[in-house]
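Q: test case, fold it:
(2 chains)
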Number of protein chains: 2
Amino acid sequence: MLRKNRIFTPGPTPLLPAAQFAEASFTAHHRTADFRNLFTRVLADMKEFIGTRNDVLVLACSGTGVMEASVSNLTSPGDKILVLTAGKFGERWSGLGKAFGCQVDTLSVPYGQTFSLDEVRSRLTPDIRAVYVQATESSTGVRHDVKGISKLVRAQGDDTLLVVDAITGLGTTHLDVDGWGVDLIIGGSQKALMIPPGLAYCAVSERAWQRMESSKSPRYYFDLRKERKSAAKGETAYTPATSLFAALGAALEYIRQMGNGNLEAGREDLVNNAELAAEMTRTAAQALGLKLFAPQSPSGAVTAIEAPAGVDSGAIVKEFRNTFNAVVANGQGEMKGQLFRMAHIGYYDYLDTIGILAALEQVLAQVTGKPVEFGAGVRAAQEVFARQPETAGAVR
Amino acid sequence: MLRKNRIFTPGPTPLLPAAQFAEASFTAHHRTADFRNLFTRVLADMKEFIGTRNDVLVLACSGTGVMEASVSNLTSPGDKILVLTAGKFGERWSGLGKAFGCQVDTLSVPYGQTFSLDEVRSRLTPDIRAVYVQATESSTGVRHDVKGISKLVRAQGDDTLLVVDAITGLGTTHLDVDGWGVDLIIGGSQKALMIPPGLAYCAVSERAWQRMESSKSPRYYFDLRKERKSAAKGETAYTPATSLFAALGAALEYIRQMGNGNLEAGREDLVNNAELAAEMTRTAAQALGLKLFAPQSPSGAVTAIEAPAGVDSGAIVKEFRNTFNAVVANGQGEMKGQLFRMAHIGYYDYLDTIGILAALEQVLAQVTGKPVEFGAGVRAAQEVFARQPETAGAVR
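A: Okay, here's the model as predicted:
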């Protein structure tokens, strides 16, 4: 059968056609009024999309670049930081902290789990200069309690900053950046914004800007104060990825239309879409007798599912690709072979969600060689969909 | 939930992204070497796609324009023609024949049925100058036996021409234009070629070219001899729809890649894809207790399904649109309200096919207010898919 390119990974995610066309057709030079207008509009829209009054910056790099910026701009060598880690992306914080000479204190929980707030509280000593955490840990499909963690960090006063990697979290998870007092939140273009990789963004609080005045870690390309100054003039410090800005502008316009002219409402619709697709996927997997890897605190961004006993999850990933040209993600690191991950970030609708679940049933039959009750997972997902309060007013 | 634009009508059909980009970026003037190169390559490829050594022409019009050309170029006022009609598109032949002053003899069967070859044979008197038929009747989802009809017409000798409207048939139905001796076969861009409406094409036999020397019906824009002369110089007689040629070039390249470098093999893959999607859809509909409108000779292009007793098919069409932003077709003319039609033409894969069947289950539950066994139709379709001899060598 014909096989379209089907991406179900936690990034890159399916592209919005209107954004692809905007990207393909953009040609303006970056030091012109045309680009400055686009840039200024995108930055203003990004504040609405993130839901913050803080300054937003959009950089030409992957999400990891802004993760580095959040360390190099907010710490000095020898500073004590607390990393909350529950997977491969949590571990990245530790690597970054060490690379910039921080004293890294780690609160680590096993893969598939999240932190208890009591444990976090017990580790929050007054000498901790910044706390680093994910909103959603993409390697395990876990959602962390950013609201609860924020409350604990804010109770420490203004000397402890909170940095949240919401690269897969923004647009899939309800977040109140300003209300909770998040000092630096990070996102990436190839996620809920439905455009290709190449841009990462952050919103930076006043507390964080002040910290930068004294922090002594080396930085140049990722010097956020320099970018802030340029942004005030409608420009970037270095050459921006211009065509991706055009794509981002179109994607934000689409999200605004989803929200009937309101970008924040559109963002909430996008979050609800991911949450519903995630619930349909979890329910379907369980109906098929599969075990969720993170049943306790599952994320709306990505669902991690354990391979059936005796089956390498790599075989599942391979069969998805061979038969359906669909890319689902294997486990990372020591989780490789143990689980596979299906994402719900951004541009997915009912047909995508149901289609990949039906494909999962065919894949399981093929890979396990055991009978699979075709339609059983799909049915469970359909029942979740049918229970929605209103289907008629569906998101466009 | 987010709702992508989902088209499941027998045209327009889903667009191939590579063709959309080729169309969007094309700017060459039509009286230049650039366009002539494209035009000549497309015409040569179209011969391979149709599977003919006859000359192929591509015109700026809808399929109906070339249907008109097949009457105005091949008949003279007063000529007797035989129209085989089994639906709204068969009836279009009668309208065209009358408009050009032909004496129209009609073999008509009820909607949902096809002709018996015995009846066709009994109507084929020597004075009939041309026979007009559809390969697939899109208004009812019926496939006609073009091979059998061709054999009967060819047995009449060279004075009776056979014209086949394969607008939805080409790329969804196995056809051997030259082997069967079809004199003029018609196709349209917004069908299996996966590009927008605006181009129609035909392949014309030597018998048909000779007929044009004597036929006296008025024609100007649709004068095929004029187009043939221009095409020999790499041009069209009048301004061509240039950007659609660029799209068509990209679509043919995609089909060639599907066939591992062979365009005819790619066309056969496309036909098999439609046939499989149609079989999955028919099996699913029956598993849901629905009646097929054309069980006797169903087409691979589109499946017509009767609305359940007491339900207006318009309510089904509306619910598809409201909840899933999916466009399926209502019945046409007196079939309106009685049936709905789901197409399989061109750019559909497993996820699309399964997704719309799952959506059908939700739609039925919503519209009938009666319990529907979610997953029952999907399961039947999955079983059809699982029975395929090889899923691993799936079409790209």
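Q: so how many other residues sit close to A:Thr27?
A: 9 (other C-beta atoms under 10 Å in any protein chain shown). Using the backbone N, CA and C atoms, a C-beta is placed for each residue, glycine as well.
Q: doesn't it fall inside a helix?
A: No - read with DSSP: H, G, I helix; E, B strand; the rest coil, A:Thr27 is coil and lies in no helix.
Q: show me which residues of the stretch 51-200 of chain A sit near chain B.
A: Counting by C-beta under 8 Å from any C-beta of the partner chain, no residue of the stretch 51-200 of chain A lies close to chain B.
Q: residue contacts, the residue in the stretch 51-200 of chain A positioned nearest to chain B?
A: Going by C-beta to the nearest C-beta, chain B is nearest to A:Met194 of the stretch 51-200 of chain A, at 10.0 Å. With contacts defined as C-beta atoms under 8 Å, 6 or more residues apart in numbering or on different chains, the neighbours of A:Met194 are A:Thr13, A:Pro14, A:Leu15, A:Leu16, A:Ala19, A:Ala251, A:Tyr254, A:Gly346, A:Tyr347.
Q: skip the chain neighbours and tell me the closest residue to the fourth one.
A: So the one you mean is A:Leu16. Spatially, and ignoring its direct neighbours in sequence, A:Leu16 is nearest to A:Met194 (4.0 Å; C-beta to C-beta, 6 or more residues apart in numbering or on different chains).
Q: if I look at the one you found, how far off is A:Ile7?
A: 11 Å (C-beta to C-beta, to the nearest Å).
Q: what do these two both touch?
A: A:Thr13, A:Pro14.
Q: mind giving me the packing neighbours of the helix or strand of chain A with the lowest mean pLDDT?
A: The weakest-scoring helix or strand in chain A, judged by mean pLDDT, DSSP states H and E, is helix A:17-25 (a mean of 95). Under the contact criterion of 3 or more C-beta pairs under 8 Å, 6 or more residues apart in numbering or on different chains; DSSP states H and E, helix A:17-25 touches helix A:242-258, helix B:17-25.
Q: pLDDT of the longest one, averaged?
A: Averaging the model's pLDDT scores along helix A:242-258 yields 97.
Q: now for the following helix or strand past that helix, which elements pack on it?
A: Sequence order places helix A:263-287 as the next helix or strand after helix A:242-258, per DSSP states H and E. Counting contacts by 3+ C-beta pairs under 8 Å, 6+ apart, helix A:263-287 packs against helix A:33-50, helix A:242-258, strand A:302-306, helix A:350-368, helix A:376-386.
Q: can you list these in CSV and add mean neighbour count?
A: Shown next, in CSV, are the helices and strands packed on helix A:263-287 (neighbours: other C-beta atoms under 10 Å in any protein chain shown):
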stretch, mean neighbour count
helix A:33-50, 18
helix A:242-258, 23
strand A:302-306, 27
helix A:350-368, 25
helix A:376-386, 22
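Q: distance to chain B for those - can I get that in JSON lines?
A: Listed next are these as JSON lines, based on distance: least, C-beta to the nearest C-beta, whole Å:
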{"stretch": "helix A:33-50", "distance to chain B": "16"}
{"stretch": "helix A:242-258", "distance to chain B": "7"}
{"stretch": "strand A:302-306", "distance to chain B": "16"}
{"stretch": "helix A:350-368", "distance to chain B": "3"}
{"stretch": "helix A:376-386", "distance to chain B": "3"}
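Q: out of those, flag the one nearest B:Val384.
A: helix A:350-368 (11.1 Å; C-beta to C-beta).
Q: got the angle between that closest one and helix B:376-386?
A: Angle of helix A:350-368 versus helix B:376-386, following axes from the mean of the first three to the mean of the last three C-alpha atoms, to 10 degrees, is 50 degrees.
Q: now the angle between helix A:263-287 and helix A:350-368, please.
A: 30 degrees.
Q: so where is chain A shaky, pLDDT-wise?
A: Applying pLDDT under 70 to chain A flags the ranges A:390-396.
Q: 90 - rerun?
A: A:389-396 (pLDDT under 90).
Q: so it: which segments form each domain?
A: Annotated domains of chain A cover A:6-12+A:262-386, A:17-258 [automatic domain parsing].
Q: centre of the chain versus the first one, how much separation?
A: For domain A:6-12+A:262-386, the distance from its own C-alpha centre to the chain's C-alpha centre is 17 Å (C-alpha atoms, centre = their mean, to the nearest Å).
Q: that older thread, the domains of chain A: which one's closest to B:Asp118?
A: domain A:6-12+A:262-386 (42.2 Å).
Q: distance across the closest one, terminal residue to terminal residue?
A: Taking C-alpha to C-alpha, to the nearest Å, domain A:6-12+A:262-386 runs 25 Å from one end to the other.
Q: now stretch A:136-151
A: OK, stretch A:136-151 end separation, C-alpha to C-alpha: 18 Å.
Q: give the buried residues for that stretch.
A: Buried positions in stretch A:136-151, judged by neighbour count with 16 or more other C-beta atoms under 10 Å in any protein chain shown: A:136-146, A:149-150.
Q: so which of those residues belong to helices?
A: Judged by DSSP state H, the buried residues of stretch A:136-151 include A:Val146, A:Ile149, A:Ser150 as members of helices.
Q: what's the closest of those residues to A:Val120?
A: A:Ile149 (5.8 Å).
Q: quick one: the closest one from B:Thr353, how far?
A: 44 Å.
Q: quick one: which of the ones in helices among the buried residues of stretch A:136-151 is nearest to A:Phe100?
A: Closest to A:Phe100, out of all of those and judged by C-beta to C-beta, is A:Ile149, at 22.1 Å.
Q: figure out how far stretch A:229-236 is from the centre of its chain.
A: 26 Å.
Q: which outside residues touch it?
A: A:30-31, A:36-37, A:39-40, A:43, A:55, A:57-60, A:227, A:237.
Q: how many residues are close by A:Gly333?
A: 10.
Q: from A:Tyr111, how far off is it?
A: From A:Gly333 to A:Tyr111 the distance is 9 Å (C-beta to C-beta).
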